[in-house]
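Undergrad: Provided below for reference: sequence and predicted model.
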Amino acid sequence: MNNSTTGGGDELMRQDSTDARLPPRARTQTRSALHSSSALGPTSSILSASSHQQQQLLHQFHQNMHMVSLESPLPPMVQRGLGDRSNEKRKNSALEIEALVKSLQEANNLHMVHSIVAVLSKDFCTSMNSNYRKGGLVGLAACSIGLMHNTRDFLNVLLPPILHCFDDPEARVRYYACESLYNVAKVSRNAILQSFNKIFEGLTKLYADVDVDVKNGATLLDRLLKDIVAESVDFQIEHFLPVLQNYIRRTNPFIRQLIVGWITLLDSIPDINMLDYLADFLDGLFNMLSDSNCEIRQAADSALSDFLVELSNSAVVTFDPIISILVLQCQSKERLNRLTAITWIAEAIRHKQGGDKLMPFHADILGAIMWCISDGEVEIRQMADKTNNDFSNLVRDTTSPFELVPLLNTLTNELLEKEDVPTKMAALRWINMLMEKGSTGMREYTESLLPVLLRTLSDPSDAVVLLNLQVLSRISLASNTSNIRGMPQLPKETEEAQFQLVLNAILNLFAQDRQLLETRGSLIIRKLCVLLNAKSVYIRISDTLSSLEVNADVETLQFISTMVQTLNLILLTASELHDLRSSLAGSFAENISDIAREASISEGGDVFATIFHCWSHNPVATFSLSLMARAYDLSFALVKRFSEIEDVSVGFLMQMDKLVHLLESPIFIHLRLQLLNVEAAYHVPLLKSIYGVLMCLPQGDAFRLLNERLTTVCNLRNNLGMPTLIHATVVPKNLPSIVSLRGIDMDRLLARFDKVTFMHKNAAACLGKELSLPSSKLPEDEIVVGDPWPTIHTSQGLSTRECTTSSGSFPPSKAARY
């Protein structure tokens, strides 16, 4: 600073600045010397002067005592000196005021001291002349030096004019105000804490000042105040918190720097536990993490890290007030905010004072975790995933009651609104865990969950679809256990009811979204067969589809036929259905024992009859089912009925083409080998069945492939010297039926097939056209309008409408085609 314009207090402020750079022990010794010596006395005060000059000024003062007017306690010469442009004259006048105040104090004339302070406050500090305001501030500082430890009794009149000058338009006046307050605080020490809030508010103004000298002065004042607070045992943190809350929201970088420094200081004081007041300033610290100033970000991050360590080591912590802050910060646009917030949440979950005490906030915490699971930053995703696992385990293992509805609302919103795979996978795992933990409690919300889960079946990700099917399977196998608050124990219900409810919902979805059936139907059915019992799945689906044929229109019959075609292809090819295929293949086999035959009749035969009842809606599927079950007389009877199809469609021929290629696959190796057993009773109907397929095919690749196979068989008969089929009249016409031998009425099966065939023709006739067999791929230009899916009533009294949305039906998909 320029010495010609700097007040006398600059010297002590510079001395204190130098003192701040000393080592701690040297700094303490320096401060002790300042307090114990006469540095603040009249001979060597803040308004420093030589000893000789002090003696001259004292002598001059006593000579001029008689000049004090009755109107003003200050001599006219002193008043003129305080208002002079010269800094030196103001300094000399201040020294005279210091000596005067000290003399008055010794004479116990405190009334006159009040008068001096009043004159300096009213006549000088509020003057229009900036030099007078500077002089008044220097004079007030001199008064405090003269009063020494008695300054505390005059703080109520010394501080207001000084703080008022913090808003002065002239920078030098603001600097003098800062200097004056520094001197007052230096003398009064702990007593100044009575007005700490007002002083701090003034300090924030100086800290954000545009003038460099004022900022430097504010920095020195800030250090002094921190020292006073650190040494004090009477600091009232509760009174300071409202001010801290007010200024921590400011975006000024200098104010933020000041606030962070004070928070760090207060946290370092042993008598103050800042964790008790964490909620009052935690949000402000998080907001500083997004500051453009690197130093502020680092300071805030350091402070938050220190608080997190303290929180981890603290035995008594209350997380309730800060959870909402952490949840909000997890959705911040700034990377550091999100990472820090999810780290805090992770610590809260692991803390011994967290755990079950976080249950009232479980939905909010889960929402914050879900938000971070799909974050673009790898570090945040990893932390969120770990936190999600910890929180899921906490909820799973807790024995404390908790509200289920908010948790389910959060999970369903994540499934419906988010498009990313990690979030959906995490939400589905949560639902699955909740079903496993308390399925009966979840049963009450099955109707609201099913539409969401069914919609998720259309997700592009196979992983999401498979996990979703696992959840649906968990719903199907729900048990009657629950420990969730608000979920009373329900009467025991059979698993079949839930099983049927889920299957109805899936079939309803397939009926409305044909594209989903084409693209994901096989995946969904196969996964259900893995998670549930494949035989039960096929029997239930067959019964449900068969129940739809009552008063069904063309669209419904077409859906049943297409569904049967899909199920049949899965049955013939999927490895997941190996056991079901084996059961069907043994239904009519000859090389089994009597005991095994009885078991086959009671199990495989019943399964075959149930599936055949539904498969009749698709002739090719029915024929292939008979071949797989080795009911060759039934397959021959069916292939003869193919001639009754008046209009063979391209779809029918395509299915026959696929069947030929399936006959060449490992699934039908038994059939190909049975063609060699030319002497067996089933050989004739088997060979005729295959020839029937050959006759239905146009001459193409499939025709030539099958023809070569049959030619090989015929050559075998010739090589063995056996008569051809034309001359094989030795075969009795009343040969017992393979199907009838197993206790199944083949005539009833054929009558069922004829009835369904007529049903399709009659439905087509009602529309004024003939119904052709459905192809494997649906027309691209036909869109369904309305809801063609009727209500499915089952033996358990459930219906597909119970699986729809609250509006009564699922919204028609744009991709639904018939």
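TA: Thanks, I have it. Numbers count the residues shown, from 1 in each chain.
Undergrad: Work out which residue lies at the spatial centre of this protein.
TA: Met370 (1.5 Å; C-alpha atoms, centre = their mean).
Undergrad: and the next element down the chain from the helix or strand containing it?
TA: Following DSSP states H and E, one finds Met370 within helix 362-373. Per DSSP H and E, the first helix or strand lying C-terminal to helix 362-373 is helix 378-397.
Undergrad: just to revisit the earlier point, residues touching the closest residue to the residue nearest to the centre of the chain other than its chain neighbours, list them.
TA: Nearest non-adjacent residue to Met370, counting by C-beta to C-beta, 6 or more residues apart in numbering: Glu414, 5.0 Å away. Glycine gets a C-beta too; all of them are placed from N, C-alpha and C. Taking C-beta atoms under 8 Å, 6 or more residues apart in numbering, we find Glu414 in contact with Gly367, Met370, Thr423, Lys424, Ala426, Ala427.
Undergrad: hmm, which two among those residues are most spread apart?
TA: Distances among the contacts of Glu414 were taken as C-beta to C-beta; the most separated pair is Gly367 and Lys424, at 14.4 Å.
Undergrad: got any ranges where the protein has weak pLDDT?
TA: Residue ranges of the chain with pLDDT under 70: 1-72, 439-440, 478-495, 589-604, 646-647, 717-738, 740-743, 767-818.
Undergrad: State the distance from the nearest residue to Leu503 once chain neighbours are set aside to Val502.
TA: The shortest distance from Leu503 to any residue other than its chain neighbours is 5.3 Å, reached at Arg540 (C-beta to C-beta, 6+ apart). Plainly put, Arg540 is 10 Å away from Val502 if you go by C-beta to C-beta, to the nearest Å.
Undergrad: Val229 touches Ile237, doesn't it?
TA: No: with contact defined as C-beta atoms under 8 Å, Val229 does not reach Ile237; the gap is 9.6 Å.
Undergrad: Which neighbours do those two have in common?
TA: Residues touching both Val229 and Ile237 (C-beta under 8 Å, 6+ apart): Leu266.
Undergrad: These two: which is more packed in?
TA: It is Val229, of Val229 and Ile237, that has more neighbours when counted by other C-beta atoms under 10 Å, with 20 against 17.
Undergrad: what about the helix or strand hosting the more buried one, distance to the chain center?
TA: Assigned by DSSP H and E, Val229 belongs to helix 212-231. Computed by C-alpha atoms, centre = their mean, to the nearest Å, the chain-centroid distance of helix 212-231 equals 44 Å.
Undergrad: and it, what does it pack onto?
TA: helix 10-20, helix 171-188, helix 196-207, helix 253-268 (3 or more C-beta pairs under 8 Å, 6 or more residues apart in numbering; DSSP states H and E).
Undergrad: circling back to that earlier point, from Leu120, how far out is the residue nearest to Leu503?
TA: 97 Å.
Undergrad: How about the secondary structure of Asp459?
TA: When classified by DSSP: H, G, I helix; E, B strand; the rest coil, Asp459 comes out as coil.
Undergrad: Who are the contact partners of it?
TA: By C-beta under 8 Å, 6+ apart, the contact list for Asp459 reads Lys424, Val465, Asn468.
Undergrad: where does it fall, phi/psi-wise?
TA: phi -60, psi 140 (degrees, to the nearest 10).
Undergrad: excluding its backbone neighbours, what's nearest Leu74?
TA: For Leu74, ignoring the flanking residues on the chain, the nearest one in space by C-beta to C-beta, 6+ apart is Val119 at 5.9 Å.
Undergrad: I misspoke; the intended subject was Val233.
TA: Closest to Val233 by C-beta to C-beta, 6+ apart is Asp271, at 6.6 Å.
Undergrad: do the same with Thr251
TA: The spatially closest residue to Thr251, leaving aside those adjacent along the chain, is Asp291, at 7.9 Å (C-beta to C-beta, 6+ apart).
Undergrad: just checking, that neighbour touches Arg297?
TA: Yes: Asp291 is within contact range of Arg297, at 5.4 Å (criterion: C-beta under 8 Å).
Undergrad: what separates Ile475 from Asp168, distance-wise?
TA: Counting by C-beta to C-beta - Ile475 and Asp168 are separated by 74 Å.
Undergrad: So which of those two has more stuff around it?
TA: Between Ile475 and Asp168, Ile475 has the larger neighbour count (other C-beta under 10 Å), namely 23 against 18.
Undergrad: just checking, the more buried one touches Glu436?
TA: No: counting by C-beta under 8 Å, Ile475 does not reach Glu436; the two are 10.9 Å apart.
Undergrad: List the contacts of Leu503.
TA: Ser476, Val537, Arg540, Ile541, Thr544.
Undergrad: Does the fourth one lie in a helix or a strand, and which?
TA: Right, the one you point to is Ile541. helix 534-547.
Undergrad: and Gln331, how many residues sit next to it?
TA: 13.
Undergrad: Please report the distance of the nearest residue to it once chain neighbours are set aside from Thr343.
TA: In space, Gln331 comes closest to Trp371 once its chain neighbours are excluded; the distance is 5.4 Å by C-beta to C-beta, 6+ apart. Per C-beta to C-beta, Trp371 is found 14 Å from Thr343.
Undergrad: mind listing what the residue lying closest to Asp211 once chain neighbours are set aside touches?
TA: The shortest distance from Asp211 to any non-neighbouring residue, by C-beta to C-beta, 6+ apart, is to Ala171 (3.9 Å). Residues in contact with Ala171 (C-beta under 8 Å, 6+ apart) are Asp209, Val210, Asp211, Asp213, Val214.
Undergrad: Leu181 too?
TA: Each residue near Leu181 by C-beta under 8 Å, 6+ apart is listed here: Leu159, Ile162, Leu163, Ile199, Gly202, Leu221.
Undergrad: repeat that with 6 Å
TA: For Leu181, the contact set (C-beta atoms under 6 Å, 6 or more residues apart in numbering) comprises Ile162.
Undergrad: For burial, what's the neighbour tally of the residue nearest to Ser268 when sequence neighbours are not counted?
TA: Excluding its sequence neighbours, the residue lying closest to Ser268 (C-beta to C-beta, 6+ apart) is Ala230, at 7.7 Å. Applying other C-beta under 10 Å, we find 12 residues neighbouring Ala230.
Undergrad: Out of the contacts of Glu414, the closest to Leu557 would be?
TA: Of all the contacts of Glu414, Lys424 has the smallest distance to Leu557: 35.5 Å, by C-beta to C-beta.
Undergrad: quick revisit: which one of Gly367 and Lys424 has more residues nearby?
TA: Lys424 (25 against 19).
Undergrad: Correct me if wrong: the more buried one contacts Val465.
TA: No: because the distance of 10.0 Å does not satisfy C-beta atoms under 6 Å, Lys424 is recorded as not touching Val465.
Undergrad: one step back: nearest to Asn388 among the helices and strands packed on helix 212-231 would be which one?
TA: helix 253-268 (30.9 Å).
Undergrad: what helices or strands is the helix or strand following the closest one leaning on?
TA: The first helix or strand that comes after helix 253-268 along the chain, using DSSP H and E, is helix 278-288. Helix 278-288 sits against helix 237-247, helix 294-313, helix 320-329, with contacts defined as 3 or more C-beta pairs under 6 Å, 6 or more residues apart in numbering; DSSP states H and E.
Undergrad: contacts for helix 278-288?
TA: By C-beta under 6 Å, 6+ apart, helix 278-288 touches 241, 244-245, 248-249, 256, 296, 300, 303-304, 321-322, 325, 329, 337.
Undergrad: picking that back up, tell me what angle the helix holding Met370 forms with helix 320-329.
TA: Orientation of helix 362-373 against helix 320-329 (axes from the mean of the first three to the mean of the last three C-alpha atoms, to 10 degrees) gives an angle of 30 degrees.
Undergrad: For helix 362-373, name the packing helices and strands.
TA: Checking 3+ C-beta pairs under 6 Å, 6+ apart, helix 362-373 ends up next to helix 378-397, helix 405-417, helix 421-437.
Undergrad: buried stuff in the last one?
TA: Within helix 421-437, the residues that count as buried by 16 or more other C-beta atoms under 10 Å are 422-435, 437.
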